[in-house]
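[1] Fold the stuff below for me.
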Amino acid sequence: MHQTVTGKPPIFQAAQIVKIEKRHREYIYMALDSPYIALNALPGQFVMIKLPDADDLILPRPFDIVTADSAKGEIELVIKITGKGTHRLSHKKPGELLLLTGPLGRGITDFTGDSSIGLLVRGVGAAAVVLLANRAKEKGIKVVTFLSASTKERLVCREYLEPLSHTVFIATDDGTEGYRGNAWEMLDSFLDKTALDQIYTCGSRRFARHIKKLDSEGKTRGFVFLEGFMACGMGDCHGCAVKKAKEEGYFLVCQDGPVFPVGVVEIKS
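    Residues are numbered from 1 along each chain as shown. Alright, predicted model coming up:
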């Protein structure tokens with residue numbers, strides 16, 4: 001059974017960078033000192049980050065909480081370098097400070113009745129499901145991961161997901177690692193033989209539409225992590241509004257999500 005809650009209230013803090021590493025040319029792996037968020041973060045929740053020394057970058061940006069180590073008081077993030085702000089983040093050093101707000105969003109809390117979950121993720125979308133995989137494994141739930149990217153170097157969070165998963169299936173568009181082709185083809189083959197109680201997806205609208213199809217056919221219960229433009233992360237700006245699929249109106253990804261049953265939201269082509 002999937003259930004989400006708001007969880008502990010978010011805090012705003014200046015968080016010190018403990019570790020930062022650039023991998024490939026596109027990704028930053030970063031650890032931040034944040035005991036409160038590390039203690040209270042739930043799977044599915046995220047943080048907003050702002051650079052304290054960037055007056056030209058007014059708005060903070062959302063990033064998934066990849067790991068939350070309450071013993072160390074640290075959280076880890078994986079960030080794709082896509083614009084001016086993330087480019088500047090990639091040049092930060094350990095000991096420097098970032099302005100951090102979190103934990104934000106509704107987190108996943110209840111796995112009652114589930115014996116297995118699937119994760120169908122692509123690119124940096126894999127960062128959204130690592131904490132979920134960790135909590136599921138702690139509860140004795142079998143995790144089956146379908147990890148995809150355009151090429152081997154863009155297989156994000158593999159090192160986190162492999163030890164948390166019962167099985168990991170790899171797909172790349174160019175065949176440099178694993179199956180050459182679409183990861184949902186591997187998922188469909190798997191489901192022909194073995195059931196998964198729930199499947200979570202992130203990082204690809206095509207994947208989300210496919211999970212919606214499987215859900216509507218009764219083959220599994222599907223959930224999607226939505227990644228929307230956010231300027232506040234708290235529901236004030238409405239920049240992350242997504243249309244409801246079954247009724248009039250909109251959800252706010254930051255307040256109502258970011259994880260939704262796949263059938264309740266409209267997924268654009």
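[2] Helices of the stretch 101-250 of the chain, start to end?
    For the stretch 101-250 of the chain, the helices defined by DSSP state H, counting those that start in this stretch cover 130-138, 158-164, 183-193, 205-216.
[3] I'd guessed residue 12 sits against residue 100; true?
    Yes: under the criterion of C-beta atoms under 8 Å, residue 12 makes contact with residue 100 at 7.3 Å. For every residue, glycine as well, the C-beta is placed using N, CA and C.
[4] which of the two has more neighbours?
    Counted by other C-beta atoms under 10 Å, residue 12 and residue 100 do not tie: residue 100 has more neighbours, with 25 against 12.
[5] Can you classify the more buried one as helix, strand or coil?
    Here residue 100 is strand, with the state taken from DSSP: H, G, I helix; E, B strand; the rest coil.
[6] which strand residues sit across from it in the sheet?
    Note on residue 100: beta-bridge partners residue 13, residue 49, judged by DSSP bridges.
[7] Quick check: the gap between it and residue 45.
    The gap separating residue 100 from residue 45 is 13 Å, by C-beta to C-beta, to the nearest Å.
[8] Out of the helices of the stretch 101-250 of the chain, which one sits most buried?
    Among these, the stretch with the highest mean neighbour count (mean count of other C-beta atoms under 10 Å) is helix 130-138, at a mean of 21.
[9] gap between that helix and the chain center?
    Averaging C-alpha positions (C-alpha atoms, centre = their mean, to the nearest Å) puts helix 130-138 12 Å from its chain's average.
[10] mind showing which ranges of the stretch 151-269 of the chain have poor pLDDT?
    Residues of the stretch 151-269 of the chain meeting the criterion pLDDT under 70: 229.
[11] do that again at 90, thanks
    For the stretch 151-269 of the chain, applying pLDDT under 90 flags the ranges 227-239, 246, 268-269.
[12] wait, isn't residue 96 in contact with residue 18?
    No: look at residue 96 against residue 18 with C-beta under 8 Å: they stay out of range, at 10.5 Å.
[13] Please say which of these two ends up with more neighbours.
    Neighbours were counted for residue 96 and for residue 18 using other C-beta under 10 Å; residue 18 has more, 17 against 14.
[14] My reading is that the more buried one lies in a strand. Confirm?
    Yes: assessed with three-state DSSP, residue 18 lies in a strand.
[15] got a list of what it touches?
    Shown in contact with residue 18 (C-beta atoms under 8 Å, 6 or more residues apart in numbering): 31-33, 74, 94.
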